[in-house]
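Asks: predicted model, plus sequence, below.
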Amino acid sequence: MANVDGDMGHLSIAVLTVSDTRTRENDTSGDYLAQALQEEGHHTAARVIVRDDIYQIRATLSAWIADAKINAVLITGGTGFSGRDSTPEAVLPLFDKEVDGFGEVFRALSFSEIGSSTIQSRAVAGFANDTVIFCMPGSTGACKTAWNGIIREQLDSRHRPCNFVGVLGVREANE
């Protein structure tokens with residue numbers, strides 16, 4: 001099984017912040033995700049901030065997808081319609097399978113928090129080379145909604161009736 005230990009299935013997770021303005025000092029969304037995954041017993045495999053540029057996003061993500069030690073990637077930022085938002089355009093071509101329900105459930109959860117503005121979220125998720133990737137908006141509130149409402153449980157092997165942890169072991173088992 002892929003880098004999983006203990007009863008809950010502790011994973012190695014990378015955090016990517018996509019932003020033209022964030023730095024390590026003011027990346028509250030990246031801070032939140034790194035802290036939240038560690039509180040659940042997971043390991044932060046890498047943490048990077050890249051400009052909102054399709055090719056910078058793809059380069060970083062592709063390296064992580066190719067790394068058998070990274071089980072999951074959490075991407076924050078670049079999912080809206082303003083400026084250079086390009087995370088979905090960068091990430092979707094890399095997916096082997098899309099997790100359609102992630103965006104649907106994320107928008108349903110965030111509707112109760114921000115109303116109809118949730119239609120401006122292009123949150124997406126999918127699998128690439130047996131790595132699960134979640135792309136969420138750049139606000140810390142959106143990251144909290146995605147983590148607490150969806151991602152935390154899907155990265156916990158104890159969550160029933162199903163979760164993604166069992167799927168993540170395929171690549172290493174065949175190497």
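Replies: Good, I have the coordinates.
Asks: okay, buried residues for stretch 12-19 please.
Replies: Judged by neighbour count (16 or more other C-beta atoms under 10 Å), stretch 12-19 contains these buried residues: S12, I13, A14, V15, L16, T17, V18, S19. For glycine as for every other residue, the C-beta is placed from the backbone atoms N, C-alpha and C.
Asks: same deal with stretch 49-59?
Replies: Using 16+ other C-beta under 10 Å as the test for burial, stretch 49-59 gives I49, V50, D52, I54, Q56, I57, R58.
Asks: so the last one is in which element?
Replies: Translated: R58. Following DSSP states H and E, one finds R58 within helix 54-66.
Asks: could you do V73 as well?
Replies: strand 72-76.
Asks: same check, this time on V48
Replies: Here V48 sits within strand 43-50, counting by DSSP H and E.
Asks: run through who's touching that strand.
Replies: 3, 10-19, 22-24, 27, 30, 34, 37-38, 56-57, 60, 64, 67, 69-70 (C-beta atoms under 8 Å, 6 or more residues apart in numbering).
Asks: all strands for this protein, in order.
Replies: 12-18, 43-50, 72-76, 97-98, 124-128, 131-136 (DSSP state E).
Asks: which strands or helices does the shortest one pack on?
Replies: Identification of packing neighbours for strand 97-98 by 3 or more C-beta pairs under 8 Å, 6 or more residues apart in numbering; DSSP states H and E yields strand 124-128.
Asks: all good on my end, thank you.
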